[in-house]
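J.: Just a sequence and a predicted model for now, questions to come.
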Amino acid sequence: MTMTAVLALAVGVFLVRLAGPLMRSRINVSERTETLMKRGAIVVLAALVITGALFADGGFAGWALPAGVLVGGLLAWRRAPILVVVIAAAATTALLRLAGIA
Amino acid sequence: MPPRFLPERDRDIWRDALAMSIGICIVGVSFGALATSAGLPWWIPVAMSFLTFAATSQFAMLAVVTAGGGVLAGLAAGVLVHLRHTPYGLAVGNLYWDKWWTRILGTFMLIDQSTAFALAAGDDRRRAKAAYWITSSIMFVAWNVGTVVGVLAGGFIPDPDVFGLDAAFPALLLALVMPALKDRDTLLAALVGAAIAAATAPFLPTGVPVLLALAGLLATWPRRKPKEDAA
């Protein structure tokens, strides 16, 4: 990999990030569109939660990972602080792995 | 008791973002270490993290290139996994679309966490702005410090999975999107989208399933609010 490749990735990634606000500034954003765009981002983030919890390297990630995310999710649902949610999720997964559960 | 050195305003955001940064930093260490152990000179991963600031894209490109897939295929993989940031930009782009330099900096700083933290602030625009800038700046520092440490660590590659950090990231995002899921239509769209992503993830390249999830929006599209129906 060369510096040219690094710069190419940086430019490519920047353009992807730029596309959203550029499209936004071209249209008159109604309240309904605003709701829909925010909902779209939530949908993508939620999908990222699911794929991140279930898959790793193109296959099922094993039980420790989704179990940890589930514990975090339950705590979040019970309105635990974000810090507690994240630490509990990581600790659950790490301990399950330590116990030999993949 | 919250730490005293943090600003009074938005202290919870500072605290959460600082805590998150530890995880990002460790992932950065593993990126720097992986890249140098793959035979790349130190300045390549360092420049990559500084100029790109996109963990998944950087890992994707590195994986393809070190597997012998070539730079062009690596670039394609890196940009593909990044496409989810276009809907992010649509949703939160107005938070930094002020002066020319905040536009450039804000665009550069658009990541999963800054989007999620900003959206979690709801309709409070000031707090959403603060969340966006605080989280993305802290993550930027952590990611780059991590990368440099990883490069210097020379060959010692920490495995973030041992600490369960791969669970920390989805759990964080889940906690941040949860308030928005109280809205029925959003919940429905998210559930349908997540099902689509989970069903297609084993067969499609990384980055595509989360985009297909956007089809979940169609589940709510034609439905109108009762008020509009009455009109």
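T.: Arrived safely.
J.: Could you use CA atoms for every contact and neighbour count after this?
T.: OK.
J.: any idea whether the nearest residue to A:Ala19 once chain neighbours are set aside is helix, strand or coil?
T.: Using Cα to Cα, 6 or more residues apart in numbering or on different chains and skipping the chain neighbours, the partner closest in space to A:Ala19 is B:Thr86 (5.8 Å). At B:Thr86 the chain is in helix, as set by DSSP: H, G, I helix; E, B strand; the rest coil.
J.: Report the contact partners of B:Thr86.
T.: With contacts defined as Cα atoms under 8 Å, 6 or more residues apart in numbering or on different chains, B:Thr86 is in contact with A:16-20.
J.: outside of stretch B:15-22, which residues touch it?
T.: A:82-83, B:6, B:134-135, B:138-139, B:142-143.
J.: 10 Å instead?
T.: The contact list for stretch B:15-22, computed with Cα atoms under 10 Å, 6 or more residues apart in numbering or on different chains, reads A:81-84, A:86-87, B:2-3, B:6-7, B:11-14, B:27-28, B:113-114, B:117, B:131, B:134-143, B:146, B:165, B:168-169, B:172.
J.: Put the buried members of those residues into a PyMOL selection.
T.: To isolate the buried members of these in PyMOL, using 16 or more other Cα atoms under 10 Å in any protein chain shown:
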select buried, (chain A and resi 82+83+86+87) or (chain B and resi 12+13+14+27+28+113+114+117+131+134+135+136+137+138+139+140+141+142+143+146+165+168+169+172)
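J.: Give me the subset of the contacts of stretch B:15-22 lying in helices.
T.: Mapping the contacts of stretch B:15-22 onto helices (DSSP state H) picks out A:82-84, A:86-87, B:11-14, B:27-28, B:113-114, B:117, B:131, B:134-143, B:146, B:165, B:168-169, B:172.
J.: before we move on, the earlier item: out of the contacts of B:Thr86, grab the one that's most surrounded.
T.: Neighbour counts for the contacts of B:Thr86, by other Cα atoms under 10 Å in any protein chain shown, peak at A:Arg17, which reaches 28 neighbours.
J.: show me what contacts it?
T.: A:11, B:82-90, B:93, B:104, B:106-111.
J.: at 7 Å what do you get?
T.: Contacts for A:Arg17 were tallied using Cα atoms under 7 Å, 6 or more residues apart in numbering or on different chains; they are B:85-86, B:89, B:107, B:110.
J.: can you pull the pLDDT of it?
T.: If you check A:Arg17, the pLDDT there is 97.
J.: next one: B:Pro2
T.: With respect to pLDDT, B:Pro2 scores 52.
J.: Quick check: A:Ser25 is in a helix.
T.: Yes: counting by three-state DSSP, A:Ser25 is located in a helix.
J.: and stretch B:211-231, average pLDDT?
T.: Rounded mean pLDDT across stretch B:211-231 is 72.
J.: Using just helix, strand and coil, how would you label B:Gly122?
T.: Classified using three-state DSSP, B:Gly122 is coil.
J.: so how many other residues sit close to the residue nearest to it when sequence neighbours are not counted?
T.: Nearest non-adjacent residue to B:Gly122, counting by Cα to Cα, 6+ apart: B:Ala128, 7.1 Å away. Residues near B:Ala128, counting by other Cα under 10 Å, number 22.
J.: Tell me which helix or strand B:Ala128 sits in.
T.: Assigned by DSSP states H and E, B:Ala128 belongs to helix B:125-153.
J.: Does anything pack onto that helix? Which helices or strands?
T.: Counting contacts by 3 or more Cα pairs under 7 Å, 6 or more residues apart in numbering or on different chains; DSSP states H and E, helix B:125-153 packs against helix B:11-37, helix B:43-52, helix B:112-120.
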